[in-house]
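A.B. asks: just coords:
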Ligand code: FEO
């Protein structure tokens, strides 16, 4: 059986996880994922770039056996998280002469997480190179692609960037290269939103750093490989840029219909004023979609009833998540209904300290909304539309 190649003597040997539906016990994976690992056969040395999640270690070993790989000199660990590093111990068992090539910080994490013995490591500095004979690996530190130790590996002769999580997408597909660009970039945006968005400024710097490399191929460790990398590079530049869009994200819950009525009215009012709205009923929302909507929205408005003297727990969770993800948002507000009182505004604003937003006057009403309440919602939507226009959010 002929093996597939990314380029001559660069083989994909990872695993496709068609069935996985949750990552980090948190993130929904509607389309599964893959743990990509690549074998590079140089004229003198052989390197393996990243491994796979330990649940799929047999698949990596089978792929290495199918290729007849008798010796691996280097296992490059771009990132310590176990979905890429978890099978390193098994690979070292099979190829005991192999050394783990990684950054000093990643080495410490791999010792902590996987108990890999210290003598198995060779650490590399930023921009250091390693010769495989006719091929050269260059290690480019790209810290805070959600963990502090991350790096990319660049295969100079073929201009391939092995980027691990960076530019990756949670997509299970049997296609080695991107065939549906729109689908892949959508999945990559979801992944960026879910774990990388809090580190936007670091990622900006990493993108600038990569401009020094001519890149023909981006081979991430999740999802298909980009053989026309400009689209994903441009998409990332847009996501990390300071640009905001004329969008209101509206996560909400309603218990008995009053808050729902307010949300419906408010959304219509915003739409009439030319504002785009992304509305999420938190009882049925995929939080990945909510995270994605926050990537470039200018405003978030939380809709909540008052329960147990505060906001609904699902709204508190959404606010907590928005605060942790640190989107670029400029404005925030709260709408909702209460029966007799409560501390919704203090509570919700108290869990949003990371968001550098202006709080626009909340609309909290008693019971079912009445004429004066609808007017208050119109005023809030007019303020939002005006602010977005002032800032030229398109
Ligand atoms: Fe795909 Fe951060 O691990």
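C.D. replies: Happy to help now that I have it. Since we're looking at a predicted model, the values are computed, not measured.

A.B. asks: make it CA atoms for all contacts and neighbour counts henceforth
C.D. replies: Will do.

A.B. asks: Walking through the stretch 101-250 of the chain, point out its strands one by one.
C.D. replies: Along the stretch 101-250 of the chain, counting by DSSP state E, counting those that start in this stretch, strands occupy 121-123, 129-131, 136-141, 151-155, 160-164, 217-220, 245-252.

A.B. asks: nearest to the ligand, of those strands?
C.D. replies: strand 160-164 (6.8 Å; CA to the nearest ligand atom).

A.B. asks: Show me the one of the strands of the stretch 101-250 of the chain that comes nearest residue 270.
C.D. replies: Ranking the strands of the stretch 101-250 of the chain by proximity to residue 270 (CA to CA) places strand 245-252 first, at 8.5 Å.

A.B. asks: What are the buried residues along the helix or strand following that closest one?
C.D. replies: Remark: after strand 245-252, the chain's next helix or strand is helix 258-272, criterion DSSP states H and E. Under the neighbour-count criterion of 16 or more other CA atoms under 10 Å, helix 258-272 has 258-263, 266-267, 269-270 buried.

A.B. asks: ok, back up a step: would you turn the strands of the stretch 101-250 of the chain into a markdown table with mean pLDDT and distance to the ligand?
C.D. replies: Putting the strands of the stretch 101-250 of the chain into a markdown table (pLDDT from 0 to 100; distance: least, CA to the nearest ligand atom, whole Å) gives the following:
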| stretch | mean pLDDT | distance to the ligand |
| --- | --- | --- |
| strand 121-123 | 98 | 20 |
| strand 129-131 | 98 | 24 |
| strand 136-141 | 98 | 15 |
| strand 151-155 | 98 | 11 |
| strand 160-164 | 98 | 7 |
| strand 217-220 | 98 | 9 |
| strand 245-252 | 98 | 27 |
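
A.B. asks: And the residue of the stretch 101-250 of the chain at minimum distance from the ligand, how far from residue 50?
C.D. replies: Residue of the stretch 101-250 of the chain nearest the ligand, by CA to the nearest ligand atom: residue 165 (5.0 Å). Separation of residue 165 from residue 50 (CA to CA, to the nearest Å): 11 Å.

A.B. asks: quick one: common contacting residues for those two?
C.D. replies: Counting by CA atoms under 8 Å, 6 or more residues apart in numbering, the common neighbours of residue 165 and residue 50 are residue 221.

A.B. asks: what's across from residue 23 in the sheet?
C.D. replies: As for beta bridges, residue 23 partners with residue 27 under DSSP bridges.

A.B. asks: wait, it sits on residue 30?
C.D. replies: No - Residue 23 is beyond contact range of residue 30, at 10.5 Å (criterion: CA atoms under 8 Å).

A.B. asks: quick one, which of those two is more surrounded?
C.D. replies: Between residue 23 and residue 30, counted using other CA atoms under 10 Å, the more crowded position is residue 30 (17 against 13).

A.B. asks: For that one, which residues are in contact?
C.D. replies: Under the criterion of CA under 8 Å, 6+ apart, the neighbours of residue 30 are residue 21.

A.B. asks: That one: which element?
C.D. replies: Taking DSSP H and E as the criterion, residue 30 maps to no regular element, lying outside all helices and strands.

A.B. asks: wait, residue 266 sits on residue 384?
C.D. replies: No - here residue 266 lies out of contact with residue 384, judged by CA under 8 Å, at a distance of 11.2 Å.

A.B. asks: measure the residue in the stretch 1-150 of the chain that the ligand sits nearest to to residue 273 for me?
C.D. replies: Using CA to the nearest ligand atom, the closest approach of the stretch 1-150 of the chain to the ligand is made by residue 81 at 5.0 Å. With the distance defined as CA to CA, residue 81 ends up 46 Å from residue 273.

A.B. asks: Near the ligand, which residues of this structure? Just list them.
C.D. replies: 81, 83, 165 (CA under 6 Å from any ligand atom).

A.B. asks: Now, those that are in helices?
C.D. replies: Members of those lying in helices (criterion: DSSP state H): residue 83.

A.B. asks: Throw the residues of the chain next to the ligand into TSV and include pLDDT, thanks.
C.D. replies: Formatted as TSV, those follow (pLDDT from 0 to 100):
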residue	pLDDT
81	98
83	98
165	98
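
A.B. asks: Pull up the distance across stretch 280-290, start to finish.
C.D. replies: 7 Å.

A.B. asks: can you give me the mean pLDDT across it?
C.D. replies: Per-residue pLDDT over stretch 280-290 has a mean of 96.

A.B. asks: which of the residues in that stretch are buried?
C.D. replies: 280-282, 287-290.

A.B. asks: Low-confidence regions, this protein specifically.
C.D. replies: Judged by pLDDT under 70, the chain has its weakly predicted residues at 1-2.
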